[in-house]
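# With the input below, show me the fold.
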Amino acid sequence: MKTMYSILLCTLSWLSNANEREFEIMEILVPKQPLAIAGAGQAVSDLDDQLNYSLDRTIADQLATLVGVNLSGQGGQFQSYSIRGFSRGRIRTEIDGIPIITDRRAGNSASFIAPELFSLGHVIKGPSSTLYGSQALGGVVSLSTEAPDKTQLTLSGKTAGEGMSFAVNHQLHDFTSAFAYQHANNDKAVDGTALNSHFERASGLLRYKNVHNGVTTTVSWLPSYGKNIGKSNRKFPTKQVSSYPKERHSLAQLQMNAGERWSAKLFHHYQNWDSKTLRRERYDGLTQYQGHTLGGQWLQQVMIDDFKTHWGIDWLSRKGVKITSDYRLFNADLTAQSKRMNSEMTGKEDNLGLYGKSAWQWRDTTFDLGVRYDWIKQHNQLAHSTVDSKLNASFAILQPVSEQLSIGLDIATGFRYPTLTERFFRGKTPRGLIAGKQELKPESSTGSQLAVTWFPHEQVRVYGAVYDYQLDNYIERYEPSDEQLSYKNLDKAALYGFETELQWYQSSMIEHTLSYQQQSGNDNSGQRLAGLHPRKLAWSMLLTLQDWTIVNAIRYYLPAKKVGHSELARDRFTVWDISFEHQLNNTQSVSLSAHNITNKAYYASLDDDAPFQPKRHVKLSTRWQF
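Sure thing, here's the model as predicted:
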């Protein structure tokens, strides 16, 4: 009788034989990853280094090449992303299992780490609150810095903004170290418009791993420092100039695990950044942010008869969250007023989650049941506090219909608690004056998805999924007055769509991937929800010829005529990228890639403040491995 895990291993083995590509199985610092519920396991997409044809400014560019994932927000170094139309605090981003919570209203981003330091990444699509809590209403982005034993040096330069970067990774036995440096000037769009995309950043990694008496202990530290970071915006430079003079992050953790029996970890994320905004004829402001994210996890496996059961405890605490906003208004003659306006928000949040998950099998059918209870408290400097609790559950079935076809069904509830800034912050930002609303209610959802994996031929894999989310108290940003933004709850909202992907391993040298995605969503008044995916058809081809690897990728975006609040309609457009990599010898390779070959003027998202993407550019890089 096949289990879910044997099906997965057989699939990986089949893929390896189909195109003779090597897959590395590595232990990564994400204890919950193996617990992906049965059906949703089919709705997981993984990053592939060989198919990296993106702009590669941040990890967001790589994630956007996956079906069901799209860029959102304004762009540049703080480009955020969405999963099936869920963005901002509705998806959870993790680096080595550490949750990234930045309080930026556009959404969390892992841009403060150079993409060269990430070795693995996967996206869980679907409601995941039962395992991950509040910030996983729409899914999880999990990134890993784990790598096999090797030393690797990468140098690259590109015409876009005269950008350059270098990275060195060294891993030998129990010790890992890495360092990356990136720098770029302002780039230009196709129409000659300057893009506020300059930045300078250094990031690194130190990790030590030890195995004793069957227990693996891992200690890691991942620091990052950036400065002079431009914030992309379509109003630049005539109406608005925004930048981040400095940005600092520090991620540290201690983890212990005893194989599949149990795991425990403690983590800490400190962040400190400043943002400056000049809105011509209106105001000039500085916002300063700092905060600590502390937490811990315990995960235990228990066998009850034939039921493989896991239970766990999550503790997440946000301390010392402080946001100060200091700005001056301009008079009609553009002189600064003598009176300065300032505001300050301090807050903290505590979240305790208890969850359990059990999987069992009856004949060829795998069942999965999960339940989670969360208790959350938020507090600000005015002694305003809110306390709430949520109970969520998930149920999944994975049914192999034949040796070539399997079907997975997931039904799960989810929730998202309002962020500290959505509740308590009031001040000037690059978006304008933000006024939080303490009375916001938590969002909740009931989501379902039906995923199918089919192998009609030994060299063809077809994946498809349809999904539906019914949302209550959906939190939406709106404009109560000119130049002011706030938040409100919508009574009801619905989001639904489908995605499909075909992989054809034509031969040991040629691999094709064809994908399509489409979705819709409306609130109870019939207004389209903001942040939904545009309809996109994508094709990529991977060609391997002895020492050469060639990737040819074309993405066609259909016109977006119906848009949500704070979005603009977009025409259809096509983006064409290509890359060549040549293995010079056993240790060195060189690659050349061209992006936006047709020099098309296009936007990364429907956001009304999103600028054009960079004009056609080329990137040259070389890599040594020892």
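
# CA only for contacts and neighbour counts going forward, please
Noted.

# how near is the closest residue to S275 other than its chain neighbours to E476?
Taking CA to CA, 6 or more residues apart in numbering as the measure, S275 lies nearest to Y244, with 4.3 Å between them; neighbours along the chain are not counted. In this structure, Y244 lies at 26 Å from E476, with CA to CA, to the nearest Å as the measure.

# Also Y496?
Using CA to CA, which is the criterion applied here, Y496 is 18 Å from E476.

# Would you confirm that Q297 contacts M256?
No. Counting by CA atoms under 8 Å, Q297 sits too far from M256 to count as a contact (10.4 Å).

# which neighbours do these two share?
S263, A264, K265 (CA atoms under 8 Å, 6 or more residues apart in numbering).

# which SS class is the first one?
Under the three-state scheme (DSSP: H, G, I helix; E, B strand; the rest coil), S263 adopts strand.

# In contact with it, which residues?
The contact partners of S263, by CA under 8 Å, 6+ apart, come to P31, Q255, M256, N257, Q297, W298, L299, Q300.

# Is it bridged to anything, and to what?
As for beta bridges, S263 partners with N257, L299 under DSSP bridges.

# what about the helices in the stretch 101-250 of the chain?
Secondary structure of the stretch 101-250 of the chain (DSSP state H, counting those that start in this stretch): helices located at 129-132.

# Which residue ranges of it form strands?
Counting by DSSP state E, counting those that start in this stretch, residue ranges of the strands within the stretch 101-250 of the chain are 120-125, 139-144, 150-158, 163-172, 175-184, 187-188, 194-195, 199-212, 215-230, 240-257.

# now for the last one, which elements pack on it?
Using 3 or more CA pairs under 8 Å, 6 or more residues apart in numbering; DSSP states H and E as the contact test, the elements touching strand 240-257 are strand 215-230, strand 262-279.

# Of all those, which one comes closest to R340?
When the helices and strands packed on strand 240-257 are compared by CA to CA, strand 262-279 sits nearest R340, at 14.4 Å.

# Y244 and E476: which has the busier surroundings?
Neighbour tally, Y244 and E476, criterion other CA atoms under 10 Å: the higher count belongs to Y244, 20 against 13.

# gap between the more buried one and S111?
Taking CA to CA as the measure, Y244 falls 13 Å from S111.

# Turn the strands of the stretch 101-250 of the chain into a markdown table, including distance to Y505 and mean pLDDT.
Rendered in a markdown table, the data for the strands of the stretch 101-250 of the chain read as follows (distance: least, CA to CA, whole Å; pLDDT from 0 to 100):
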| stretch | distance to Y505 | mean pLDDT |
| --- | --- | --- |
| strand 120-125 | 21 | 87 |
| strand 139-144 | 27 | 90 |
| strand 150-158 | 29 | 92 |
| strand 163-172 | 32 | 91 |
| strand 175-184 | 35 | 95 |
| strand 187-188 | 38 | 92 |
| strand 194-195 | 40 | 91 |
| strand 199-212 | 36 | 95 |
| strand 215-230 | 38 | 95 |
| strand 240-257 | 38 | 94 |
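
# okay, these, which one's buried deepest?
Across these, averaging neighbours per residue (mean count of other CA atoms under 10 Å) puts strand 139-144 on top, at a mean of 24.

# Give me the distance from that strand to the chain's centre.
In terms of CA atoms, centre = their mean, to the nearest Å, the gap separating the centre of strand 139-144 from the centre of its chain is 6 Å.
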